[in-house]
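**Q** Based on what follows, work out the 3D shape:
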Amino acid sequence: MHKLAVLALHGVVPLDLGIACDAFGRVRLSGGRMAYRVLVCGEARRVRSGAFDVHAPCALEKIAGADTLIIPGIEDAARAIPDAVLTAIRRAWSRGARIASICSGAFVLAQTGLLDGRRATTHWMGAAAFARRFPKVRLDPNVLFVDEGRIVTSAGATAGLDMCLHLVRRDHGQAIAALLALGHVELTRFSRDRGLSASTVEWIVKDLGLVCFAVGDQTIALSPADWLQVKRAVTATLQNYHTENPDLAGIGLERLRLELARRIPAPAFRAMLQSLARSGDISLDGAWVRLRSHEVRLAAEDEKLWQMIRPLIGVSERFRPPRVRDIGGVLNVPETRVRRLFKLLSRMGKTDEIAHDHFFLRSTVTEMVAIAVDLVETTPGGQFTAGQFRDRLDNGRKVAIQILEFFDRHGVTLRRGDLRRTNKHRLDLFGASVDERTTPVQAGQGRESSPVGRSDFKSVKGREPVFGGFDSHSLPPPSRSVR
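**A** Coordinates of the predicted model:
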């Protein structure tokens, strides 16, 4: 393993110290192995650093055995460095170490004499003082970093990160440096920008053990360690959500994405969730995500009542189910109890309230979405009327219009005058999208489903949504009723 020492002097710049430790400490090779062993070696065990002190776990002598020595910047660039420090740096050089400085760390390195006759850079604010103090060094203050082989110097602040990534690239290739910088890399663009052949990319993926996800016409890659971190974060977040909300079917995909510390683009995150679903770690239920092991259960009395109600709103009556009042009369059960059960079932994703006290099975709503899509695909112009939809359901006009208005509110259908068309970006809101019924959907196609109707949705105006999944502040602009 490559041994990398970071020198912590009194007055070390915390940002520079952190950049060096984090940039090299995060690099993982195939199988999750660490690429660098990072050692923080101090001028003293307790080093003063701005508003706080830094505890250096390793003594100054340890830098002599390093393969690479990083010298972060110091607050007082004019400070005379103790002979013991300069001797330790020279000893590391004589033993073959590569030495790199960040920002004003070049002032430290120059005092060893190792920069004499070499090209170097430092923070632009200190360039004039550096040139006067070290005239034998060929200073170039107009670059991010200078690579002189075994000696590398960088300009100030984040230029140090660019230099560190450059060193990683030298040591382990471009792909892992890009992964380090981004947390993930889009391989198609990455290979195109660098002129890499398909066989070279394939070799990089295999050699580094990258985990890849197809997102439309792109391929997103993560290191094995980062993918493991994402999996653990997703499952831990879901477990916490289920513990706090045992009666809810799951969490919305977008809310889950935003709950994670790592920010992953939505299309890539959807592809990752699909991979976790295929491996059995999680389940995707329409717009909701849950652990495979999570199952919402009704109380015994509610389950018994539900088994009595279900036949009344399913099979032949699924497109025209009785309302709460009628179900209560048939079963001789108080309306309030029937309504409460339906509200709970809606939260569980088993039913949807199309209109007031008029609940449909979720599977029926999914079927009706498919009917609407079929009408679009088979009707000239790709639009349909309420009458055409009513005829396909063999239903009454009033109920058909209520169903379509429900779809309008949720963005499943888009209305213009008396005509409607479906919105492909919302077809998965009440179950699997229509494309998934025939061919696998490429991850990342389309936008995020509307959060309205999900169990974790809250109105932006601070009001609780009704169980139909909408409130007065989430409705689109009013339009004329279909006649």
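
**Q** domain assignment for this protein?
**A** 2-172, 173-296, 302-437 (automatic domain parsing).

**Q** which of those domains has the lowest average pLDDT?
**A** Lowest mean pLDDT within the domains of the chain: domain 173-296, at a mean of 82.

**Q** So what's the gap between it and the chain middle?
**A** 7 Å (C-alpha atoms, centre = their mean, to the nearest Å).

**Q** related to what we said a few turns ago, would TSV of the domains of the chain with mean neighbour count be doable?
**A** C-beta: built from backbone N, CA, C; applies to glycine. Converted to TSV, those look like this (neighbours: other C-beta atoms under 10 Å):
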stretch	mean neighbour count
domain 2-172	19
domain 173-296	17
domain 302-437	18
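
**Q** Now Arg408: closest residue in space that isn't a chain neighbour?
**A** Rather than Arg, residue 408 is Asp. Arg415 (5.4 Å; C-beta to C-beta, 6 or more residues apart in numbering).

**Q** and that neighbour, bridged to which residues?
**A** Arg420 (DSSP bridges).

**Q** ok, it touching Ile401?
**A** No - using C-beta atoms under 8 Å, Arg415 makes no contact with Ile401, being 10.9 Å away.

**Q** Stretch 355-370 spans what distance, first to last residue?
**A** 20 Å (C-alpha to C-alpha, to the nearest Å).

**Q** quick one, strands of the stretch 51-200 of the chain?
**A** 52-55, 68-71, 98-101, 119-120, 138-139, 145-147, 151-154, 185-186 (DSSP state E, counting those that start in this stretch).

**Q** Contact partners for the nearest residue to Ala84 once chain neighbours are set aside?
**A** The shortest distance from Ala84 to any non-neighbouring residue, by C-beta to C-beta, 6+ apart, is to Leu60 (6.6 Å). By C-beta atoms under 8 Å, 6 or more residues apart in numbering, the contact list for Leu60 reads Leu7, Cys41, Gly42, Glu43, Ala84, Val85, Ala88.

**Q** now those residues in CSV, with distance to Arg292?
**A** Listed next are the contacts of Leu60 as CSV, based on distance: C-beta to C-beta, whole Å:
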residue, distance to Arg292
Leu7, 50
Cys41, 48
Gly42, 49
Glu43, 54
Ala84, 60
Val85, 57
Ala88, 56
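
**Q** Now, those residues that are in helices?
**A** Ala84, Val85, Ala88 (DSSP state H).

**Q** which one of those residues sits closest to Arg26?
**A** Checking the ones in helices among the contacts of Leu60 against Arg26 with C-beta to C-beta, the nearest one is Ala88 at 26.5 Å.

**Q** Would you confirm that the closest one contacts Ala64?
**A** Yes - at 6.2 Å, Ala88 and Ala64 qualify as touching, with contact defined as C-beta under 8 Å.

**Q** Bridge partners for Val54, pull those for me.
**A** Bridge pairing for Val54 - DSSP bridges - gives Val47.

**Q** residue contacts, it?
**A** Contacts of Val54 (C-beta under 8 Å, 6+ apart): Ala8, Val12, Pro14, Leu17, Val40, Gly42, Arg46, Val47, Arg48.

**Q** Next, format the ones in helices among the contacts of Leu60 as TSV and append distance to Arg232.
**A** Below are the ones in helices among the contacts of Leu60 laid out as TSV (distance: C-beta to C-beta, whole Å):
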residue	distance to Arg232
Ala84	44
Val85	41
Ala88	40
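
**Q** so how far is Ala386 from Arg257?
**A** 36 Å (C-beta to C-beta, to the nearest Å).

**Q** Ignore what I typed, I meant Arg170.
**A** Applying C-beta to C-beta to Arg170 and Ala386 gives a distance of 67 Å.

**Q** ok, and the closest non-adjacent residue to the most centrally placed residue in the chain?
**A** Residue closest to the mean C-alpha point of the chain, counted by C-alpha atoms, centre = their mean, is Ile264 at 2.1 Å. Nearest non-adjacent residue to Ile264, counting by C-beta to C-beta, 6+ apart: Arg257, 6.4 Å away.

**Q** which residues touch that neighbour?
**A** Ile264, Ala266, Phe269.

**Q** Distance to Arg426 added to those residues, as a markdown table?
**A** Formatted as a markdown table, the contacts of Arg257 follow (distance: C-beta to C-beta, whole Å):
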| residue | distance to Arg426 |
| --- | --- |
| Ile264 | 22 |
| Ala266 | 15 |
| Phe269 | 18 |
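
**Q** from these, which single one is nearest Gly113?
**A** Ile264 (48.1 Å).
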